[in-house]
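**Q** have a look at this prediction, sequence included:
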Amino acid sequence: MNRTKGDEEEYWNSSKFKAFTFDDEDDELSQLKESKRAVNSLRDFVDDEDDDDLERVSWSGEPVGSKTRPGSFQSLSDALSDVPAKSYAPELGRPKGEYRDYSNDWSPSDTVWRLRKGKVCSLERFRSLQDKLRLLEEAVSVHDGNVITAVLIFLKRTLSKETLFRELEVRQVALRHLIHFLKEIGDQKLLLDLFRFLDRTEELALSHYREHLNIQDPEKRKEFLKTCIGLPFSAEDSAHIQDHYTLLERQIIIEANDRHLESAGQTEIFRKHPRKASILNMPLVTTLFYSCFYHYTEAEGTFSSPVNLKKTFKIPDKQYVLTALAARAKLRAWHDVDALFTTKNWLGYTKKRAPIGFHRVVEILHKNSAPVQILQEYVNLVEDVDTKLNLATKFKCHDVVIDTCRDLKDRQQLLAYRSKVDKGSAEEEKIDAILNSSQIRWKN
Amino acid sequence: MRYVASLVNADKLAGRTRKYKVIFSPQKFHACEMVLEEEGVYGDVSCDEWAFSLLPLDVDLLSMELPEFFRDYFLEGDQRWINTVAQALHLLSTLYGPFPNCYGIGRCTKMSYELWRKLEEEEDGETKGRRPEIGHVFLLDRDVDFVTALCSQVVYEGLVDDTFRIKCGSVDFGPEVTSSDRSLKVLLNAEDKVFNEIRNEHFSNVFGFLSQKARNLQAQYDRRRGMDIKQMKNFVSQELKGLKQEHRLLSVHIGACESIMKKKTKQDFQELIKTEHALLEGFSIRESTSYIEEHIDRQVSPLESLRLMCLLSITENGLIPKDYRSLKTQYLQSYGPEHLLTFSNLRRAGLLTEQAPGDTLTAVESKVSKLVTDKAAGKITDAFSSLAKRSNFRAISKKLNLIPRVDGEYDLKVPRDMAYVFSGAYVPLSCRLIEQVLERRSWQGLDEVVRLLNCSELAFTDMTKEDKASSESLRLILVVFLGGCTFSEISALRFLGREKGYRFIFLTTAVTNSARLMEAMSEVKA
């Protein structure tokens, strides 16, 4: 690219190594160098306003193009560098003078200043560890993350990882930037080495685990998860990783099996309700729902039975009942719903109990358009009277409303409800009968 | 960058010669150049920067459109955007004169302020002697007040953002709103006269307001019945266009309201708000925890469940270990085991933590000082995560009176304080801080609060500049949110402005809400 070539030429033409002496300190040339550097740094302030920063100078030193740049600063440094008036050619590019006034002599703060401005800067001269660290500290003191990362890129390239890690261990800000940088460029190996060095075992484990998101193939992902199991997670997290592996393992088996069943076309449930998506990588509760939907009656021995899932993953009763209810209600399998809540007590009498509160049951049934009789039965089981009344009214379970009002001896409410039922209906008659009954001692 | 490089390399392989230009906005990072160099395309590509940092979204709202700021800084600790913020502040100060008064709170605020001052010094002379047009600048970090950002919004603009997602000042209303089969993209700012009147209102007022307006509009239309030709001509040429526009806007907003109400009823919004308020006030914590548990069990929404857990954690100074374990397990079971990573992120950011024994401020400080010298600890991760914000929400809430004591009903039609943006239950912490500091013109008397917030404050007044400022400019305040701000906070401060005779201008790294915050922390793209 022309720009680079032009700047290179300029660099060579403006190189300060014209005269060579060992003794640089009180050399005339070095004094000139000093002034040039000062002048150059001043020029930057002026330069920043300029858009046409591209310079092109031919080998002979003749300017290319016609524009000459005014300014006394310019002529001073020109005299030093033996390059005639700089010229500009507008060019697809127009980068800000990144290579201009290139010098090898900057202090850490100058260098950091250049980096902040986005200018190219060779950091090579910071060779001693001390110099490197001074540069890093300077960058950190300025708070600019872009600069800190730039310095870290250089340090990563020029320091052994042990040295780098050792120094960063006590420099939290720089350390954070290195970690983020490694994450972003995907240098997983170095990142894990870093965590290992810092003894950040949990982050090491999590970082390794995170990789599984990049693996699409289920078998490969499952194998990868297996490798995660022994990692230094916390005790609870280890259990979660184990569960993740087991879940995916099961899902692969179920998926293969069900796909086969579905294509064979013999199984009714799959014919009536074809699957909309694969079960792979779905959460556990979704898998349970799927299992309650398609494999409800299976015995505990099979991988796809709900009971098996419940046992393997220690799913609490609450969650299990909620999910099974949702699945069976969707299929309008009211008998199954019944069975979920029916228990026999020691005397052999059946009774309905629910670990989730019957108001929730009612809501789910309603969502799945359960017939009123079913709804009514469950509304009746709601313990809290106010909730019961609210739900009954909301879902038009007339009998329940009527009976509850009667039990509460609330005449007013019953009267009010009368206007809501259909004229001449059985409910209206029932209300009238109750209202006229002389046996009830109404409270209002 | 790798993608760009791969395109270039593909061309090279195919023997195509092209010129390539990459424009970085708002800034080019050294790491990007490094990648280009690594991939061997550095010389083939010319790079340029477009320092576009401030987008005016409205007459009083400037956005830097940097949603990544939140995650980059508050999760990863990367300070790459601090320079961008400093540049933006510098730009504003060159345009509107020096700022006589600067206040701020937060670690990022402090760093941005220092870098900004450095910029000002380096490019000195541009603002000397100019009359300041903005009297005060207030900077704050998002993590000074996570609670406000996590609450459900109930002012109209906030509700629209929560429900439909406003992007860059405009929103896409789908068919359910437009009552047609097309979607409509609507620009939402002060120019929309209807919107401007309802945007800051509590939602309960909006529908009534819109219905009234619709009735007025109808009455205007009906006037045409009694008109003669001349009047009709006049009507058509002068008024009809305006009426039609108003009609269009009205129907859009009425449609939006209906859509919102439908969604909220379905979600049982009432119950949700009740739980949030309980958490804010500190009552019925067990019930709230059960509610959250049920929310997770029912697989209602991964972001909502997460947000509620975070709200519980921050208001209660962390979840008790039993709850943390159980809710986390249930969350992983309901929404996917890979969210293990999300939980780790939330813990690092201080949004969802577990109470540890002996978690006093002094204990944390001693842990941190050990960190610097004691390598063998292995507890470095723990100490590091303790460095994340300690909450102390209840203590702060008490000191600043964030929960208003109400006798009787809180009148949402005629709000009397900023709590109206959350139905009278809670004054946004960030807004209260701004209110107090502006009143005192310093942090005096707020030391306890600052200590509880566990970060540094800054206040700087330059009397020479203040003397030059007109009294009008002294009432103009620029509020800078680092990490994002919500429409609720904007509405609350606009209210404060009307009350106290201030005018606020908002500069934010991006407009945000609870969903965006949770998405930023989520490791798994939902």
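**A** Perfect, I can see it now.
**Q** show me what from the stretch 151-300 of chain B comes close to chain A.
**A** Contact residues of the stretch 151-300 of chain B with respect to chain A, defined by Cβ under 8 Å from any Cβ of the partner chain, are listed as B:294, B:297-299. C-beta: built from backbone N, CA, C; applies to glycine.
**Q** ok, and the most crowded of the residues you listed?
**A** residue B:297 (21 neighbours; other Cβ atoms under 10 Å in any protein chain shown).
**Q** thought that one was touching residue A:321?
**A** No: with contact defined as Cβ atoms under 8 Å, residue B:297 and residue A:321 do not form a contacting pair (10.2 Å).
**Q** looks like residue B:45 contacts residue B:4 (just checking).
**A** Yes: here residue B:45 reaches residue B:4: they are 7.4 Å apart, a contact under Cβ under 8 Å.
**Q** who's more crowded, the two?
**A** Summary of the neighbour comparison: residue B:45 and residue B:4, criterion other Cβ under 10 Å, with residue B:45 having more neighbours (20 against 16).
**Q** mind listing what that one touches?
**A** Contacts for residue B:45 were tallied using Cβ atoms under 8 Å, 6 or more residues apart in numbering or on different chains; they are B:4, B:8, B:20-22, B:36.
**Q** sorry, back to before: can you redo the residues of the stretch 151-300 of chain B next to chain A as CSV with distance to residue A:340?
**A** Listed next are these as CSV, based on distance: Cβ to Cβ, whole Å:
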residue, distance to residue A:340
B:294, 18
B:297, 16
B:298, 17
B:299, 19
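**Q** where do the strands sit along the stretch 101-250 of chain B?
**A** Secondary structure of the stretch 101-250 of chain B (DSSP state E, counting those that start in this stretch): strands located at B:101-105, B:136-141, B:170-173, B:184-187.
**Q** can you tell me what sits against the third one?
**A** Pointing back at strand B:170-173 there. If you take Cβ under 8 Å, 6+ apart as the criterion, strand B:170-173 is touched by B:160-161, B:164-165, B:183-188, B:252, B:255-256.
**Q** switch to 7 Å and redo it
**A** The contact list for strand B:170-173, computed with Cβ atoms under 7 Å, 6 or more residues apart in numbering or on different chains, reads B:160, B:164, B:183-188, B:252, B:255-256.
**Q** name the residues of it that come out as buried.
**A** B:171, B:173 (16 or more other Cβ atoms under 10 Å in any protein chain shown).
**Q** can you pull the contacts of the spatially closest residue to residue B:32 that is not a sequence neighbour?
**A** In this structure, residue B:32 finds its nearest non-sequential neighbour in residue B:1, 5.0 Å apart by Cβ to Cβ, 6 or more residues apart in numbering or on different chains. Contact analysis of residue B:1 by Cβ under 7 Å, 6+ apart lists B:32, B:35-36.
**Q** picking that back up, can you list the strands of the stretch 101-250 of chain B in a markdown table and add distance to residue B:282 and mean pLDDT?
**A** Output for the strands of the stretch 101-250 of chain B, formatted as a markdown table (distance: least, Cβ to Cβ, whole Å; pLDDT from 0 to 100):
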| stretch | distance to residue B:282 | mean pLDDT |
| --- | --- | --- |
| strand B:101-105 | 24 | 92 |
| strand B:136-141 | 24 | 94 |
| strand B:170-173 | 35 | 92 |
| strand B:184-187 | 40 | 88 |
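**Q** longest helix in chain B, by residue count?
**A** helix B:240-266 (DSSP state H).
**Q** work out the gap between that one and the centre of the chain.
**A** Per Cα atoms, centre = their mean, to the nearest Å, the displacement of helix B:240-266 from the mean C-alpha position of its chain is 25 Å.
**Q** pLDDT of the helix or strand just after that helix, averaged?
**A** Taking DSSP states H and E as the definition, the helix or strand that follows helix B:240-266 towards the C-terminus is helix B:269-281. Average pLDDT, helix B:269-281: 92.
**Q** quick one: buried residues of helix B:269-281?
**A** Within helix B:269-281, the residues scored as buried using 16+ other Cβ under 10 Å are B:272-280.
**Q** so what's residue B:278 closest to, chain neighbours aside?
**A** Closest residue in space to residue B:278, ignoring its immediate chain neighbours: residue B:284 at 4.5 Å, by Cβ to Cβ, 6+ apart.
**Q** report pLDDT for the one you found.
**A** Per-residue confidence (pLDDT) for residue B:284: 90.
**Q** do you know the pLDDT at the residue nearest to residue B:32?
**A** 86.
**Q** and which of the buried residues of helix B:269-281 is nearest residue B:150?
**A** For residue B:150, the closest of those turns out to be residue B:276, at 8.7 Å, with distances computed as Cβ to Cβ.
**Q** measure that closest one to chain A for me?
**A** Distance of residue B:276 to chain A, given as Cβ to the nearest Cβ, to the nearest Å: 21 Å.
**Q** for residue B:506, same thing?
**A** In this structure, residue B:506 and chain A are separated by 23 Å, where distance is defined by Cβ to the nearest Cβ.
**Q** among the residues of the stretch 151-300 of chain B next to chain A, which ones are in helices?
**A** When helices are assigned by DSSP H, the members of those inside them are B:294, B:297.
**Q** in CSV: the residues of the stretch 151-300 of chain B next to chain A, plus pLDDT.
**A** Output for those, formatted as CSV (pLDDT from 0 to 100):
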residue, pLDDT
B:294, 91
B:297, 92
B:298, 90
B:299, 91
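**Q** farthest-separated two in the residues of the stretch 151-300 of chain B next to chain A?
**A** Across these, no pair lies farther apart than B:294 and B:299, at 10.7 Å, counting by Cβ to Cβ.
**Q** quick check on residue B:46: phi, psi?
**A** Backbone torsions for residue B:46, taken as degrees, to the nearest 10, come to phi -100, psi 140.
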